[in-house]
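Peer 1: Mind looking at a prediction? Sequence and model below.
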Amino acid sequence: MNILLIGGGGREHAIAEGIKKSKHNPSLYAVMAKKNPGIAALCEDFLLEKETEVEKIVEYAKARKVEMAFVGPEAPLAAGAADALWEAGVLVVGPKKACAVIEFDKAWARNFMKKYGIEGCPAYEVFTEEGPAHAFIEKLGDVAVKPSGLTGGKGVKVMGDQLPDLEAAKAYTSELLEKGPVVIEERFIGEEFTLQAFVDGKNLAYFPAVQDHKRAYEGDLGPNTGGMGSYTDAGEILPFMLPEDIEKAKKIMQDTVRALYEETGKETGSGYQGILYGQFILTANGPKVVEFNARFGDPEAMNVIPLIETDFVEVMAAVANGTLDKLPVRFSRKATVCKYAVPAGYPDNPEKDSEVVVGDIGKASLYYASVYEKEGKVYTTGSRAIAVVGSADTIASAEEIAQRALENIKGNLFFRKDIGTADLIQKRIDHMKELRS
Ligand code: GLY
């Protein structure tokens, strides 16, 4: 079977590895903007092209007689890559544009949650004008400010150290309004977690919960990034969660998929098919929805894909054919810690075209992200460069494996030592205890 992967980041390297592990021995092809050496090594052939060039993607898929495709990032989904591949007779994992809108239009997503009465939606309003937006900020008093469109996870700012007071929230809103609509919503207080699921239109197969770390520096300080690293525990919940928290989050995801079917079924024929990513914040009153994404998280994909015990290609086919209810998706009960090495100066002033040399990474797995290969050497592009993942019976052992591996990756890079450490996890547990008491 010929499979096409769209995307060239760390997340897609993990997807490529999952596909290549299949007992069906698929031939893998890829479309990526830059040559990711990890993905290239797993492919028969690849096309270096912008991942939003839908016509070129379809042309390439036809030329390589592709039967099934996995769309990794959000940008090609927003450009209609899934729709065009389905039209060309390819089975696709990745929602059609009418469903992917849940990620690329934050105003649509909130209005949709409200329309269908989906739990976990904050008080919010969508604005195109400064005056009413400023008045709403005053009224709520503690807000999150979100540009409605795609920003690579870096556009949302919340009150606290990012927006120290109401005046800062208003000023940021005014800046964003020059580019498009802005969603202002009530700020939730709690611990963030990610719940991802395979979705076949109606049925969901949930991955273990993951916690990502958005801030660039240790102690959750510094600017927002795409995510500096993440961990799972050896089971489906995280150490600061209760079993009922994950059940509530699963219900929100299930209700969302059902509502997406109702909303788009006529247009899409099948509803939402792909990976649904729920970004939750666990508050004293249970999980609330920060946002939905229409794809795997990055880095979260690298934690959970290696845990899948069921054949990845069979799961892809079940997603595309609407038969997930007939295929139990199993995961190994291991804890994982993923850490990104990023270029010096990331994210505001990152060093580009700087060589990275990978030494002995021991038992860790390595995923190439925003790097490119030239004459056998690997260079940074300015974004997150290389991720390593430790996997073990406990978070502490997984963290040690990841940490040791990172010490043997040389280059002008930095990473967060604190992700997955006992101290940081205890801080999360204490925070939730305090909120619940
Ligand atoms: N790690 C955050 C995201 O993928 O959106």
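Peer 2: Good, I have the coordinates.
Peer 1: Tell me the secondary structure at the residue lying closest to R215 once chain neighbours are set aside.
Peer 2: Using C-beta to C-beta, 6 or more residues apart in numbering and skipping residues adjacent in sequence, the residue nearest R215 is G222, 5.1 Å away. All C-beta atoms are positioned from the backbone trio N, CA, C, and that covers glycine. Following DSSP: H, G, I helix; E, B strand; the rest coil, G222 is assigned to strand.
Peer 1: tell me the pLDDT at the residue nearest to R436 when sequence neighbours are not counted?
Peer 2: Distances taken as C-beta to C-beta, 6+ apart place A284 nearest to R436, at 5.5 Å, with adjacent residues excluded. We have a pLDDT of 97 for A284.
Peer 1: Next: G153.
Peer 2: G153 carries a pLDDT value of 59.
Peer 1: let's number from 24 now, not from 1
Peer 2: Renumbered: residue one is now 24, and that last one reads G176.
Peer 1: quick one, strands of the stretch 224-373 of the chain?
Peer 2: 227-229, 234-235, 238-240, 244-247, 252-255, 296-306, 309-316, 358-366 (DSSP state E, counting those that start in this stretch).
Peer 1: Just the buried residues of the first one, please?
Peer 2: To tie it back to what came earlier, the one meant is strand 227-229. 227-229 (16 or more other C-beta atoms under 10 Å).
Peer 1: circling back to that earlier point, any idea how many residues pack against the residue nearest to R238?
Peer 2: The local packing of G245 (other C-beta atoms under 10 Å) involves 17 other residues.
Peer 1: where's it relative to the ligand, distance?
Peer 2: Counting by C-beta to the nearest ligand atom, to the nearest Å, the gap between G245 and the ligand amounts to 16 Å.
Peer 1: ok, now G164?
Peer 2: Per C-beta to the nearest ligand atom, G164 is found 27 Å from the ligand.
Peer 1: So for the residue nearest to the spatial centre of the chain, what's the pLDDT?
Peer 2: For the chain, G320 is the residue whose C-alpha lies nearest the centre (C-alpha atoms, centre = their mean; 1.4 Å). pLDDT for G320: 98.
Peer 1: List the residues that contact it.
Peer 2: Each residue near G320 by C-beta atoms under 8 Å, 6 or more residues apart in numbering is listed here: 34, 217, 219, 233, 235, 250, 253, 300, 302.
Peer 1: Among these, pick out the one closest to the ligand, please.
Peer 2: Nearest to the ligand out of the contacts of G320 is G250 (C-beta to the nearest ligand atom; 3.4 Å).
Peer 1: For that closest one, give me its contacts.
Peer 2: 176, 235-237, 320-323, 363, 407 are the contacts of G250 under C-beta under 8 Å, 6+ apart.
Peer 1: ok, the closest residue to F335 other than its chain neighbours - how many residues close by?
Peer 2: The shortest distance from F335 to any non-neighbouring residue, by C-beta to C-beta, 6+ apart, is to G41 (4.0 Å). Other residues lying near G41 total 21 when counted by other C-beta under 10 Å.
Peer 1: Same check on E198?
Peer 2: E198 has 12 neighbours, counted by other C-beta under 10 Å.
Peer 1: Please apply the same query to K237.
Peer 2: Neighbour count of K237, defined by other C-beta under 10 Å: 16.
Peer 1: okay, it: pLDDT?
Peer 2: Listed pLDDT for K237 reads 93.
Peer 1: Surely it is in contact with G245?
Peer 2: No. Between K237 and G245 no contact is recorded; they are 9.7 Å apart, counting by C-beta atoms under 8 Å.
Peer 1: picking up where we left off before, which phi and psi values does the residue nearest to R459 adopt?
Peer 2: Main-chain torsions, A307, degrees, to the nearest 10: phi -60, psi -20.
Peer 1: any idea how far A367 is from it?
Peer 2: Taking C-beta to C-beta, to the nearest Å as the measure, A307 and A367 are separated by 39 Å.
Peer 1: which residues touch the residue of the chain positioned farthest from its centre?
Peer 2: Going by C-alpha atoms, centre = their mean, the residue of the chain most distant from its centre is G154, 33.9 Å out. By C-beta under 8 Å, 6+ apart, no residues touch G154.
Peer 1: Could you verify that it is part of a helix?
Peer 2: Yes. Per three-state DSSP, G154 lies within a helix segment.
Peer 1: could you dump the buried residues of strand 227-229 to TSV with distance to V77?
Peer 2: As requested, the buried residues of strand 227-229 are exported to TSV (distance: C-beta to C-beta, whole Å):
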residue	distance to V77
L227	27
A228	28
Y229	30
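Peer 1: Could you export those as JSON lines, including pLDDT and distance to the ligand?
Peer 2: Below are the buried residues of strand 227-229 laid out as JSON lines (pLDDT from 0 to 100; distance: C-beta to the nearest ligand atom, whole Å):
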{"residue": "L227", "pLDDT": "98", "distance to the ligand": "18"}
{"residue": "A228", "pLDDT": "98", "distance to the ligand": "19"}
{"residue": "Y229", "pLDDT": "98", "distance to the ligand": "17"}
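Peer 1: In the stretch 274-423 of the chain, what residue lies closest to the ligand?
Peer 2: G320 (3.5 Å).
Peer 1: burial count for F221?
Peer 2: 23.
Peer 1: What residues are bridge-paired with E214?
Peer 2: For E214, the beta-bridge partners are L305 (DSSP bridges).
Peer 1: thinking again about what came up before, my guess is the residue nearest to R459 contacts L458. True?
Peer 2: Yes. Applying C-beta under 8 Å, one finds A307 in contact with L458, separated by 4.4 Å.
Peer 1: Neighbour count for the two, which is higher?
Peer 2: Taking other C-beta under 10 Å, A307 and L458 do not tie; L458 has more neighbours (15 against 12).
Peer 1: And the contacts of the helix or strand encompassing the more buried one?
Peer 2: Element membership for L458 (DSSP states H and E) is helix 445-459. For helix 445-459, the external contacting residues (C-beta under 8 Å, 6+ apart) are 212-214, 234, 254, 261-264, 305-307, 418-419, 441.
Peer 1: The ligand contacts on the stretch 224-373 of the chain?
Peer 2: Residues of the stretch 224-373 of the chain found near the ligand (C-beta under 6 Å from any ligand atom) are 235, 249-250, 316, 320-321, 323.
Peer 1: Closest to E337 out of the contacts of G320?
Peer 2: Lowest distance from E337 to these (C-beta to C-beta) belongs to Q219, with 18.2 Å.
Peer 1: so the closest one, which of the three states?
Peer 2: Quick answer, by three-state DSSP: Q219 is strand.
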